[in-house]
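Enquirer: Requesting a structural model of the entry that follows:
(one chain, ligands or ions: 2)
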Amino acid sequence: MSRTQPNSKEKEQPLSSTGQLIGNVLGIETSCDETAAGVVGAGGVLSDIVHTQTIHEKYRGVVPELASRAHAEKLASVVAEALEEAGIERPDAVAATAGPGLIGAVLVGLSFGKALASGWGVPFVGVNHLEGHLLSPMLEDPAPEFPFIGLLVSGGHTTIYHACSFGNYEVLSTTVDDAAGEAFDKVARVLGLPYPGGPHIDRLAAKGDPEAIGFPRPRAKGDNMSFSGLKTAVRNYALKPNPDTHENIAASFQEAVIDVLRDRVMRAVKKTGVTTVAISGGVAANSGLRSAFSALDGITVFLPPRSRCTDNASMIAHAGRLRLLAGDRGGPETGSRSNWQLDKL
Ligand code: KG4
Ligand code: ZN
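Expert: Ligands and ions are numbered 1, 2, ... in the order given. Below is the predicted model:
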């Protein structure tokens, strides 16, 4: 694994604002169907282990109770693997996703993280999953610097933030209904593809014509986004007699999503004057989106590698590490939250 240098400007001794050494941080992520653990230190990512639950495939969506149980079964071995790969026995601190996500699933990782930290006698912090995604491009080299426009586009969230500084995130645009990833998953289902559908649509779209079908680009109030109407339009189209090929449907749908995201990001750039754009979340793994944003003039785009777009724990370790360095601590009372907006940290 390549060791990235996100904090090369960091001082030799990474001390928190309270003077505590925060070198290597173990991150734990269990908010949905990935059981993940990773270690991030001053020099970057030391390990990043992701186990994707397969039990949900036959249900074509994540079954919350099964997710919690599968996390409980797998988490200890995933954590052990992450520590081993990082070459450490004990981290200097532990960070775990505290929300938003499936409440039972979050609780598994959060409780385990708190127990480990208490057993090791090291600090603990609960991390907002969205902050993990938003700051994940910072794990790469080169890394974006504040202020930047953060497009977070995942299965549960689609929001554009003005990330002014660490912990200070203003929402500029958000979906008023489905998340973009949710639309990918629902359209995939209409086309008879397995869950999660995003990667399958991506593969089909590469063989299709993005201009074959003129799907709508639904508008929402203000600068917001909407994907529910688009999903319905694709379903209605696919169910009509003699529709176009699945490749062309996938490509045209994907193009409509990218078009909306591109339009809203460029509005955000115009509104703020900030030209650094950092893209994160599962849909940021999409090939069409990656090439569309990389081709835009006038902005500098930061995209994590595909494996760090979808859920992982190095992003949780990284956001947690920054929180710990800023002096944040979560005690045994740190609770899990199913809803937790990033502008209300
Ligand atoms: O960030 P993530 O792993 O989990 C959430 O926090 O939601 O995102 C998962 C979402 C799913 O909806 C999945 O279909 C979508 O990301 N996704 C993709 C691709 N890879 C994953 N969507 C489009 N193209 C992809 N290549
Ligand atoms: Zn996520």
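Enquirer: if I pick the closest residue to Leu303 other than its chain neighbours, what's in contact with it?
Expert: Excluding its sequence neighbours, the residue lying closest to Leu303 (C-beta to C-beta, 6 or more residues apart in numbering) is Ile279, at 5.1 Å. Placement of C-beta: from N, CA and C, glycine included. Counting by C-beta atoms under 8 Å, 6 or more residues apart in numbering, Ile279 makes contact with Pro137, Gly150, Leu151, Val153, Leu289, Phe293, Val301, Phe302, Leu303.
Enquirer: Between these, identify the one with the most neighbours.
Expert: Gly150 (32 neighbours; other C-beta atoms under 10 Å).
Enquirer: Quick check: that one vs Asp297, distance?
Expert: Per C-beta to C-beta, to the nearest Å, Gly150 is found 20 Å from Asp297.
Enquirer: For Arg329, which non-adjacent residue is spatially closest?
Expert: Spatially, and ignoring its direct neighbours in sequence, Arg329 is nearest to Pro123 (5.6 Å; C-beta to C-beta, 6+ apart).
Enquirer: Compute the number of surrounding residues for that neighbour.
Expert: 25.
Enquirer: quick one: contacts for it?
Expert: Ser16, Gln20, Ile22, Asp92, Ala93, Val94, Ala117, Leu324, Arg329.
Enquirer: Output the set of residues of the chain in proximity to ligand 1.
Expert: Counting by C-beta under 6 Å from any ligand atom, the chain comes close to ligand 1 at 32, 154-156, 181, 184-185, 196-199, 202, 281-283, 285-286, 310-311.
Enquirer: which of the residues you listed count as buried?
Expert: Buried by 16 or more other C-beta atoms under 10 Å: 32, 154-156, 181, 184-185, 196-199, 202, 281-283, 285-286, 310-311, out of these.
Enquirer: quick one: secondary structure of Thr35?
Expert: Under DSSP: H, G, I helix; E, B strand; the rest coil, the three-state class of Thr35 is strand.
Enquirer: Which positions are bridged to it in the beta structure?
Expert: Note on Thr35: beta-bridge partners by DSSP bridges are His51.
Enquirer: count of neighbours near it?
Expert: With other C-beta under 10 Å as criterion, Thr35 counts 29.
Enquirer: right, and it touches Gln53 too?
Expert: Yes - using C-beta atoms under 8 Å, Thr35 is in contact with Gln53, at 6.8 Å.
Enquirer: For this protein, which residue occupies the most central location?
Expert: The residue lying closest to the centre of the chain (C-alpha atoms, centre = their mean) is Gly281, at 3.2 Å.
Enquirer: got a pLDDT number for the nearest residue to that one once chain neighbours are set aside?
Expert: Computed as C-beta to C-beta, 6+ apart, the closest residue to Gly281 that is not its neighbour in sequence is Ser154, at 3.3 Å. We have a pLDDT of 96 for Ser154.
Enquirer: what do you get for Leu21?
Expert: According to the prediction, Leu21 has pLDDT 82.
Enquirer: quick one, phi psi at it?
Expert: Leu21 adopts backbone torsions of phi -70, psi 120, taken as degrees, to the nearest 10.
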